[in-house]
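> Test case, fold it:
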Amino acid sequence: MKKRICMTGMILLFMQPVWGQIIFKKPMSPRNANYRMNVTLDVEKKQIAGHEILTWQNTSRNTIRELQFHLYMNAFKNNRSTFIREQGGRAGILEKHRAWGWIDVTSIKISNGPDLTSGMEFIHPDDGNEDDQTAIRVPLPKPLRPGQEIQVEIEFITQLPRVYSRNGYYNDFFMVAQWFPKVGVFIDGAWNCHQFHKNTEFFANYGVYEVDITLPKEYIVGAIGLLQKTVETASTKTLSFRAEDVHDFAWTAWPHFQVAEETHRGVEITLLYDRDHESAVPRYMDALKKTMDFFADWIGEYPYPNVTIIDPPTGCMGVGGMEYPTFFTAETYWNLPRGILLPEMVVVHEFGHNYWYGMVGSNEFEEAWLDEGINTYTEAKIMNKYYGKETSYVDFLGIRFSELDEQRYWYLRRVRKDRILRKAWTYIGGGYGTFSYAKPALMLQTLENMIGQKTMNIIMRTFFQRWKFKHPRSQDFIDVVNRVTGQNYDWYFDQVLKGSNELDYTVASVWTGKEKAPKGIFEIDREKTTLPKLTEEKVESAEEDTTQKTPPDLFRSVVQVHRKGEVIIPVEVLTVFANGDSIRKVWDGKERWVEYEFLKPTKLVFATVDPDRRLVLDSNFSNNSRTVEPRRKPISYLCARFLYWFETALHLISFFG
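Model prediction:
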């Protein structure tokens, strides 16, 4: 049935300067945190002066007596912030160039009401670091009851740091992210407003952002949402952006951006890129279109009217590979060979965040895997489909490296050192990437291999549709798995999501040998006191009987499989024999070992545990198989690869020499 548009809506639509800039549709999200901002960029001081009006609704059942805000930019204020302390106190380029970043709230008041500035107080809910200033509380003059709304006006100044940790400036380039006072999330009866840590990203409510940005007129700007209008003066311009049903606002500005525009599936695509990276433009566009197609078929259509890709200028890779709703930064290098799929991989990954971070609003402070892990699993599926299962990461100069290889590389470095489910800033050193990206992706792929791709697709689609524009927890995902499969998979997630144990099955030994003819006594005739004795005639008769067929040789084969790790998952064991026969058995894995014995008229050749490599969480594939006769081929293969690279290196040396 076609939707009806009222006459007023039609008039307003045609009054807009660009078709489709106002979208008449039912809100997709609760829209309980809405921002109206007017900001000015001082390109000389690298500062932003801002006026913010926040309209916030108490959607909880609790009475609220204070507001809490994130001041993320203060993470770069000094070497005592929690963010810098977690990096060992090393401020790097910030200290070297004295290019610190900070945000100063100069005024906060209730609209047409009392001033709250004097009541602001820095809070340190995570580590008690009194020097950290990345979160504040603001007491309210009177309680805010369930369903009530409050509007506060905030004046602030943001000093951008030199490009550092996904934002800042470099010469005349600006990446403006996590730059304004952003209200925390009131959930489960309390404020969730964590400090800014080295290994955490963001958690916020959904709303509508209307942002006016004033800056020198020669600058080209990209931002979250759609451009509504531009007003110019002799030296400046003001651009008005509007974004609906998002939980953040970021933007970039640079006078030298090149612009490429396309439309795909009804979505306006804008790519702002460095001229040095022009060769990557078709690669970016192609990867984005493929990714949009995959998500549309797998999960659902992208619901926003536009998406903007930012290709950071040379020297600004510190802002590359970061996601925001409808807007993300890519990453490449000058003339990067097509066989190195970095541009494609980053586009696939960062656009995917529009679903698993942008629309499914999980808490990345506390359960980062729900975004990063699911998105890494998704990235691998897309890259494998479009770029080859064995070549989805690198296919260059004889080197082939897949997404699975890359995930397992990070996973195997820290298999037992931590668990997935913990607050992101509390992982063991270097563990954030392993336990929020790599291991969760392998966990989900292993689950898919166990239950089948079709069922897994239903799980992912159901989870997205059920929890889009909400704030799910890990248990919500597990509940979807159990409901869709009709089985209880708590045992699986208890081990691999909530535990730190290792999964490792191995074929410990194989043996095969000719079965000897039966000799000795098998039955005792109690009626006789002496053993029967063959006569000479009987012996001769037996030797002369040429009509009796000789029974075939039989071979007894024994295979022993061990569970070396603590994780218990049912696994297949494949045995292959010399005549081509094969036998598959399923072992529940509960005991430490199992032994299989076969009596067949053919020798055993080899045995393999998990022959189809379904358990990609297995920490050691090299011990999964064992042959009766030692194999030389792998050694020859490695030698050949070594010689190939040695010769390649010599050619390169001679070329540059």
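> all contacts plus neighbour counts: C-alpha atoms, from now on.
OK.
> mind listing what the residue sitting nearest the centre point of the chain touches?
Nearest to the mean C-alpha position of the chain, by CA atoms, centre = their mean, lies residue 372 at 2.7 Å. Contact partners of residue 372, counting by CA atoms under 8 Å, 6 or more residues apart in numbering, are 353, 356, 436, 437.
> Now do the same contact list for the second one.
I take that to be residue 356. Residue 356 makes contact with 362, 370, 371, 372, 374, 375, 464, according to CA under 8 Å, 6+ apart.
> Could you dump the residues you listed into a markdown table and include secondary structure and pLDDT?
Formatted as a markdown table, the contacts of residue 356 follow (DSSP: H, G, I helix; E, B strand; the rest coil; pLDDT from 0 to 100):
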| residue | secondary structure | pLDDT |
| --- | --- | --- |
| 362 | coil | 97 |
| 370 | helix | 98 |
| 371 | coil | 98 |
| 372 | helix | 98 |
| 374 | helix | 98 |
| 375 | helix | 98 |
| 464 | helix | 98 |
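> Return the members of those residues classed as buried.
Among the contacts of residue 356, those buried by neighbour count (16 or more other CA atoms under 10 Å) are 362, 370, 371, 372, 374, 375, 464.
> Of all pairs in those, which one is the farthest apart?
Pairwise distances among the buried ones among the contacts of residue 356 were taken by CA to CA; the largest, 14.6 Å, belongs to 372 and 464.
> In this protein, where is pLDDT below threshold?
Within the chain, the set of residues satisfying pLDDT under 70 comprises 1-24, 525-551, 631-657.
> again, 50 this time
Judged by pLDDT under 50, the chain has its weakly predicted residues at 1-24, 532, 534-544, 633, 635-637, 639-657.
> So which residues of it form helices?
For the chain, the helices defined by DSSP state H occupy 7-15, 82-85, 93-96, 281-298, 342-353, 372-387, 403-412, 431-433, 439-451, 453-467, 474-485, 490-496, 536-544, 633-656.
> Redo those as JSON lines? Include distance to residue 553.
Shown next, in JSON lines, are those (distance: least, CA to CA, whole Å):
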{"stretch": "helix 7-15", "distance to residue 553": "87"}
{"stretch": "helix 82-85", "distance to residue 553": "72"}
{"stretch": "helix 93-96", "distance to residue 553": "76"}
{"stretch": "helix 281-298", "distance to residue 553": "55"}
{"stretch": "helix 342-353", "distance to residue 553": "56"}
{"stretch": "helix 372-387", "distance to residue 553": "47"}
{"stretch": "helix 403-412", "distance to residue 553": "44"}
{"stretch": "helix 431-433", "distance to residue 553": "56"}
{"stretch": "helix 439-451", "distance to residue 553": "39"}
{"stretch": "helix 453-467", "distance to residue 553": "44"}
{"stretch": "helix 474-485", "distance to residue 553": "48"}
{"stretch": "helix 490-496", "distance to residue 553": "45"}
{"stretch": "helix 536-544", "distance to residue 553": "19"}
{"stretch": "helix 633-656", "distance to residue 553": "30"}
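> So which of the ones you listed is nearest residue 241?
Of all the helices of the chain, helix 7-15 sits nearest to residue 241, with 16.5 Å by CA to CA.
> Buried residues of stretch 396-415, list them for me.
Buried residues in stretch 396-415, counted by 16+ other CA under 10 Å: 401, 402, 403, 404, 407, 408, 410, 411, 412, 414, 415.
> Could you do stretch 30-38 as well?
So, applying 16+ other CA under 10 Å, buried residues of stretch 30-38: 31, 32, 33, 34, 35, 36, 37, 38.
> Contacts made by that stretch with the rest, please.
Residues outside stretch 30-38 that contact it (CA under 8 Å, 6+ apart) are 50-59, 183, 205-214, 245, 469.
> Repeat the analysis, applying 7 Å as the threshold.
With contact meaning CA atoms under 7 Å, 6 or more residues apart in numbering, stretch 30-38 is reached by 50-57, 205-213, 245.
> hang on, the earlier thing: and the residue nearest to the centre of the chain, how far from residue 43?
Distance of residue 372 to residue 43, given as CA to CA, to the nearest Å: 34 Å.
> how near is the residue nearest to the centre of the chain to residue 476?
Distance from residue 372 to residue 476, counting by CA to CA: 16 Å.
> nearest residue to residue 352 other than its sequence neighbours?
What sits nearest to residue 352 in space, not counting adjacent residues and going by CA to CA, 6 or more residues apart in numbering, is residue 375, at 6.1 Å.
> that older thread, dump the contacts of residue 372 to CSV, plus distance to residue 298.
Listed next are those as CSV, based on distance: CA to CA, whole Å:
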residue, distance to residue 298
353, 15
356, 13
436, 23
437, 21
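> wait, isn't residue 76 in contact with residue 103?
No: assessed by CA atoms under 7 Å, residue 76 is found out of contact with residue 103, at 9.5 Å.
> more crowded one of those two?
Each of residue 76 and residue 103 has its neighbours counted (other CA atoms under 10 Å); residue 76 has more, 29 against 25.
> need the contact list for that one.
100, 101, 102.
> Out of those residues, who's the most crowded?
residue 101 (25 neighbours).
> Against residue 78, how distant is that one?
Here the criterion is CA to CA. By it, residue 101 lies 8 Å from residue 78.
> Also residue 303?
From residue 303 to residue 78 the distance is 40 Å (CA to CA).
> Neighbour count for those two, which is higher?
residue 78 (21 against 14).
> would a markdown table of the contacts of residue 76 with distance to residue 519 be doable?
Below are the contacts of residue 76 laid out as a markdown table (distance: CA to CA, whole Å):
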| residue | distance to residue 519 |
| --- | --- |
| 100 | 88 |
| 101 | 88 |
| 102 | 90 |
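> Which of those fall within strands?
Residues of the contacts of residue 76 located in strands (DSSP state E): residue 102.
> Now do the contacts for residue 312.
Counting by CA under 7 Å, 6+ apart, residue 312 makes contact with 273, 274, 319, 320, 329, 331.
> Near the fifth one, how many other residues are there?
As a burial measure, the neighbour count of residue 329 was computed by other CA under 10 Å and equals 25.
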